[in-house]
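A.B. asks: Give me a model of this one.
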Amino acid sequence: MGSISNVIFYVLIFLTLYIQVFFLLTFFENRKKIVIRKGNTKLKFHPSITIIVSCWNEDKTIYRTIRSLLGLDYPKEKLKIFLIDDGSTDNTWNFIKRFEKYSNISIFHKENGGKHSAINLGLEHVQTDFVACLDADSFVHPQALNRMVQCFLDNKDIMAVIPATIIHNPKSFSQNLQKIEYFASIFVKKMLGILNGLHVTPGTLPIYRREVFDKIGGFRKAHNTEDGEIALRMHQHNLRIDYCHDAYVYTVAPDSLYKLYKQRLRWYYGFMKNLIDYRHLLLRPKFGALSLLTLPSGIISIFSIIFLSLFFLSKFNAYLIEKIIQFQAVGLGGMLHIPKFDWFYINIKSIPLILVVCYLLIIFSILAGRKIAENSIRPSGFIILYMVTYSVIAPVWFLKAVYNVIVSERPSWR
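C.D. replies: Here you go, the predicted model:
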């Protein structure tokens, strides 16, 4: 039994390393193309755009979200903003009404029906060339829209573009960990954008050509992860999604580990359910990198985390039993000794070395993402804290998400 678990362990580790090294090679092959634009981006042509902001109980952030949209460096006559209150029970609607006097802002109020229904209400009134969606807890960099639109102008085949998401003003321990995580995400998403393998268009200002919705329809509830479902549906219709690494959108992150757990449980539950719904996309060469890399990587990650969690838990349990037996045999005094460092006794077995390589590749992705986001590779102590903490808590929400999928228990939104 032990030999079988070892074989599974090495297979999963090999696949994980293979994916990380593949991203690394993709980065070095395309690094000269990854240019971070500074200053104002000037467009030769400004297509008309509607930004739909769906709101539900966001009175703490909605005002600043709207102000950031009004501060965009984009011709006001070409920019429409739809503010849609999805049945909020706080003061969100009162904040929204403050902006009804603006000529390019339209406000809507509806009964609570979920984010997808709010966006679809906005889509019914869209008359512009492009449509963007923005969560009401996010703030947009003034140049974000110009830089993303440039992607469409450079390539007529691109049907959607997503920006780089950065944690806004992290204060708590949880938020600082997520800041590091989002740096790694920027790196991975940029590589997937190059490979046409992006599997989600998150609510932090994705921009779509309006014809996308004419062709494939509007948003669906999709297990409360409508941004993942519509991306998979786009790939199903061979519609390309690109990533604009220097268009920045700042989002407010969960400020506690419990809130982070609730968010990730919803995310990964939704990813798994959407993956089941779109399983026909798996390992189909005509769907490109999404089918052959992104979705298989997601499955490998799920199985790896489940198996490795149980694998290391069993190893720890065996170690604990050994120490208990040792304590019973020689007592505490026989176990206490001052360790002496000797290079000869460094563990150079394959497992520790492989894990070190894995963590080094993760650190590289974090620093590369930070270089893209902040033009800096200055290391942070939170990198180590992130890897240690997430190694402990990430399996918890993964395992719970798997359990919820098996028993069909849908997690709550918040």
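A.B. asks: buried stuff in the host helix or strand of Val402?
C.D. replies: Following DSSP states H and E, one finds Val402 within helix 381-407. Within helix 381-407, the residues scored as buried using 16 or more other Cβ atoms under 10 Å are 382-383, 386-387, 389-390, 393-395, 397-402, 404-405. Every C-beta, even on glycine, is put in place using the N, C-alpha and C of the backbone.
A.B. asks: buried set for stretch 140-156?
C.D. replies: Along stretch 140-156, these residues count as buried under the neighbour rule (16+ other Cβ under 10 Å): 140-141, 143-152.
A.B. asks: Can you tell me which helices and strands the helix holding Val402 packs against?
C.D. replies: Packing partners of helix 381-407 (3 or more Cβ pairs under 8 Å, 6 or more residues apart in numbering; DSSP states H and E): helix 173-195, helix 257-277, helix 295-335, helix 350-374.
A.B. asks: Tell me which of these sits most buried.
C.D. replies: Across the helices and strands packed on helix 381-407, averaging neighbours per residue (mean count of other Cβ atoms under 10 Å) puts helix 173-195 on top, at a mean of 21.
A.B. asks: so where do the helices sit in the stretch 1-150 of the chain?
C.D. replies: 2-30, 62-70, 92-97, 115-123, 144-154 (DSSP state H, counting those that start in this stretch).
A.B. asks: out of the ones you listed, nearest to Pro202?
C.D. replies: Nearest of these to Pro202, taken as Cβ to Cβ: helix 115-123 at 11.9 Å.
A.B. asks: which strands and helices sit next to the closest one?
C.D. replies: Under the contact definition 3+ Cβ pairs under 8 Å, 6+ apart, helix 115-123 sits against strand 49-55, strand 79-86, strand 105-110, strand 130-135, helix 226-236.
A.B. asks: wait, which of these is closest to Ile19?
C.D. replies: helix 226-236 (18.6 Å).
A.B. asks: List the buried residues for that closest one?
C.D. replies: By neighbour count on 16+ other Cβ under 10 Å, the buried set for helix 226-236 is 226-235.
A.B. asks: do the same with stretch 68-80
C.D. replies: Neighbour-count burial for stretch 68-80, with 16+ other Cβ under 10 Å as criterion, is recorded at 68-69, 72, 74, 78-80.
A.B. asks: Can you pick out the most distant pair from the residues you listed?
C.D. replies: For the buried residues of stretch 68-80, the farthest-apart pair by Cβ to Cβ is Ser68 and Lys78; their separation is 17.4 Å.
A.B. asks: tell me the contacts of the closest residue to Leu239 other than its chain neighbours?
C.D. replies: Spatial nearest neighbour of Leu239, chain neighbours left out: Met159 (4.1 Å); criterion: Cβ to Cβ, 6 or more residues apart in numbering. Neighbour list for Met159: 208-209, 211-212, 234, 239-241 [criterion: Cβ atoms under 8 Å, 6 or more residues apart in numbering].
A.B. asks: and with 7 Å instead?
C.D. replies: Applying Cβ atoms under 7 Å, 6 or more residues apart in numbering, we find Met159 in contact with 208-209, 212, 234, 239-241.
A.B. asks: Compare the residues you listed and tell me which has the most neighbours.
C.D. replies: The most crowded member of those, judged by other Cβ atoms under 10 Å, is Ile241 (25 neighbours).
A.B. asks: what about that residue, which SS state?
C.D. replies: Of the three states, Ile241 takes strand according to DSSP: H, G, I helix; E, B strand; the rest coil.
A.B. asks: Number the chain from 56, please
C.D. replies: With the count now opening at 56, the last piece we talked about shows up as Ile296.
A.B. asks: what's near enough to touch it?
C.D. replies: Neighbour list for Ile296: 214-215, 217, 253, 256, 286, 289 [criterion: Cβ under 7 Å, 6+ apart].
A.B. asks: Quickly list what it is bridged to.
C.D. replies: Beta bridges link Ile296 to Ala215, judged by DSSP bridges.
A.B. asks: on that earlier part again, what's the closest of the helices of the stretch 56-205 of the chain to Ser158?
C.D. replies: Evaluated over these, closeness to Ser158 peaks at helix 117-125, with 11.6 Å, by Cβ to Cβ.
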